[in-house]
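A.B. asks: This is a predicted model, with the sequence first.
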Amino acid sequence: MAAGAAAGRFFSEKTTPQSQGKQVLSPPCAAAPPTIPRIIELTGSPGEQGRLHGELLAGEIRLVRRAILKYFAGFTLYCGALPLLAFLQGLARLSCWRYIPSRIREELQGLASGAQVGLPLILLINVLDDLANNWPSCSALAVGEGLTSRGVYLAGRNLDYPVFVDVLVALQTLFRITPDEGVSLVSLAWPGYAGVLTGMNQAGVSLAQLTSMCRDHTLKGLPAGLRNRLALELRTSVRGIAASLLAVPATIGNNILLAGAREALVLELSPHQSAVRRPANGLITATNHFQSQEMSGVKGVFFPRPPLAVLDPYHFTEACSQARAARLQALASRRSLVPRDLQVFLADPAVANAGTVSSVIFDPAELSLWVAQKRHPPVSQGDYVHLLPWGGNR
């Protein structure tokens, strides 16, 4: 498909019998897409990809800006919303821009131009997680070897936010990105976001990023989502992607779950330390604390609940993170697991919460994924749609 194409075509299948075999075609410019997620295909040079992204989703990018301002207004008595936005945009530009590689800079500049918004807004959208560093309620797992029906790894994750939840659910977008150099990938994200928090490349490696509370943090590094994007584009194996991520200075504490058909691991990262965890008996989990002994020295205190959060204070504690990890371990300990089982695990009331804005199951061996379609959080407690972004297995 040419760089000016409007939307990607994926065959998709819900888990409900009545919708099997239905093809989903998403109109990219719709303010309220008929399906969640909408699907956008981006090809060409970085600048071409960015411009197309911005042109197609300009209205939605402005909605993201409006949501940020509305949130700021809620605790600054309105008069402080614009100054706070300007301050954070300036902070992002001064601290992060110099560490972003030229290819990503070109894409972000194209995105701003295509959407006819300022580059500082686009940059802020892409580094907000690194600036805020207080989203400690996500959950992820990978199961394989003797635990799955086919012996290959499956991975799943809930992405949870304490704020912006309504707009994040409504604007969910699956980007299929075919770079002019490197490996094609899919990223479940939002308008204006060029990084990857949840994604998989055509080589069959899935990635899920989670915040991990850490007292080692800095803004002198490549923002996490953009780092993930580059690794998925440039490498084709779990170990290769892990090596790429470890080679780039981190900004905040992260747990990154990587899964291929025959291998899975969790990278525990801080700006100056790292550790690799591997599955035990075919099972590995990640939430929002470091589980390895090597990273125990940099574990940080969880921040207080942010203003206007939809989650109660318990969700901003290590006890909650540990409880979710333990619950996933208990749920996934049986054998012959299939993707539907992981959907059930991620819908469990001890795992999902009012901030669960996206939920995905990956089958790297089949190059397929299941995306939650519910329009209100927790989205994992609803139907999933089955997507085959490259037409099925290799």
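C.D. replies: Alright, I've got the coordinates.

A.B. asks: how deep is residue 58 tucked in, by neighbour count?
C.D. replies: By other CB atoms under 10 Å, 18 other residues sit near residue 58. Every residue, glycine included, has its C-beta placed from N, CA and C.

A.B. asks: Can you show me the CA trace of the longest helix seen in the chain as PDB?
C.D. replies: The residue-count maximum for a helix in the chain (DSSP state H) belongs to helix 58-76. Coordinates of each C-alpha in helix 58-76 appear next as PDB, following Å, rounded to 0.1, in the frame of the first residue of the first chain:
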ATOM      1  CA  ALA A  58      -5.600  15.600  13.100                       C
ATOM      2  CA  GLY A  59      -9.000  16.000  14.800                       C
ATOM      3  CA  GLU A  60      -8.200  13.200  17.300                       C
ATOM      4  CA  ILE A  61      -4.800  14.700  18.200                       C
ATOM      5  CA  ARG A  62      -6.600  17.900  19.100                       C
ATOM      6  CA  LEU A  63      -9.000  15.800  21.300                       C
ATOM      7  CA  VAL A  64      -5.900  14.400  23.100                       C
ATOM      8  CA  ARG A  65      -4.700  18.000  23.700                       C
ATOM      9  CA  ARG A  66      -8.100  19.000  24.900                       C
ATOM     10  CA  ALA A  67      -8.200  16.000  27.300                       C
ATOM     11  CA  ILE A  68      -4.800  17.000  28.700                       C
ATOM     12  CA  LEU A  69      -5.900  20.600  29.300                       C
ATOM     13  CA  LYS A  70      -9.200  19.400  30.800                       C
ATOM     14  CA  TYR A  71      -7.300  17.300  33.300                       C
ATOM     15  CA  PHE A  72      -4.900  20.100  34.200                       C
ATOM     16  CA  ALA A  73      -7.800  22.500  34.600                       C
ATOM     17  CA  GLY A  74      -9.300  20.100  37.100                       C
ATOM     18  CA  PHE A  75      -6.600  20.800  39.700                       C
ATOM     19  CA  THR A  76      -5.300  24.200  38.700                       C
END
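
A.B. asks: just the helices in the stretch 101-250 of the chain please.
C.D. replies: Using DSSP state H, counting those that start in this stretch, the helices of the stretch 101-250 of the chain run over residues 102-115, 119-132, 165-170, 224-234, 238-246.

A.B. asks: Can you tell me which of these is most buried?
C.D. replies: helix 224-234 (a mean of 25; mean count of other CB atoms under 10 Å).

A.B. asks: Quick one: mean pLDDT over stretch 233-252.
C.D. replies: Stretch 233-252 shows a mean pLDDT of 95.

A.B. asks: Can you get me the centre-to-centre distance for it and its chain?
C.D. replies: Centre-to-centre, stretch 233-252 and its host chain are 16 Å apart (CA atoms, centre = their mean, to the nearest Å).

A.B. asks: Check stretch 113-125 too.
C.D. replies: Distance, centroid of stretch 113-125 to centroid of chain: 20 Å (CA atoms, centre = their mean).

A.B. asks: can you give me the end-to-end distance of it?
C.D. replies: Using CA to CA, to the nearest Å, one end of stretch 113-125 lies 15 Å from the other.

A.B. asks: contact partners of it?
C.D. replies: The set of residues external to stretch 113-125 that reach it, using CB atoms under 8 Å, 6 or more residues apart in numbering, is 50-58, 61-62, 64-65, 68, 85, 88-90, 92-93, 96-97, 108-109, 111-112, 131, 190, 192-194.

A.B. asks: is it possible to export the helices of the stretch 101-250 of the chain to CSV including distance to residue 363?
C.D. replies: Putting the helices of the stretch 101-250 of the chain into CSV (distance: least, CB to CB, whole Å) gives the following:
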stretch, distance to residue 363
helix 102-115, 28
helix 119-132, 26
helix 165-170, 24
helix 224-234, 17
helix 238-246, 15
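
A.B. asks: Any stretches of the stretch 1-150 of the chain with poor pLDDT?
C.D. replies: Residues of the stretch 1-150 of the chain that meet the criterion pLDDT under 70 lie in 1-35, 134.

A.B. asks: can you do 90?
C.D. replies: 1-37, 75-80, 94-95, 132-137 (pLDDT under 90).

A.B. asks: Give me the phi and psi angles of residue 320.
C.D. replies: Residue 320 adopts backbone torsions of phi -70, psi -40, taken as degrees, to the nearest 10.
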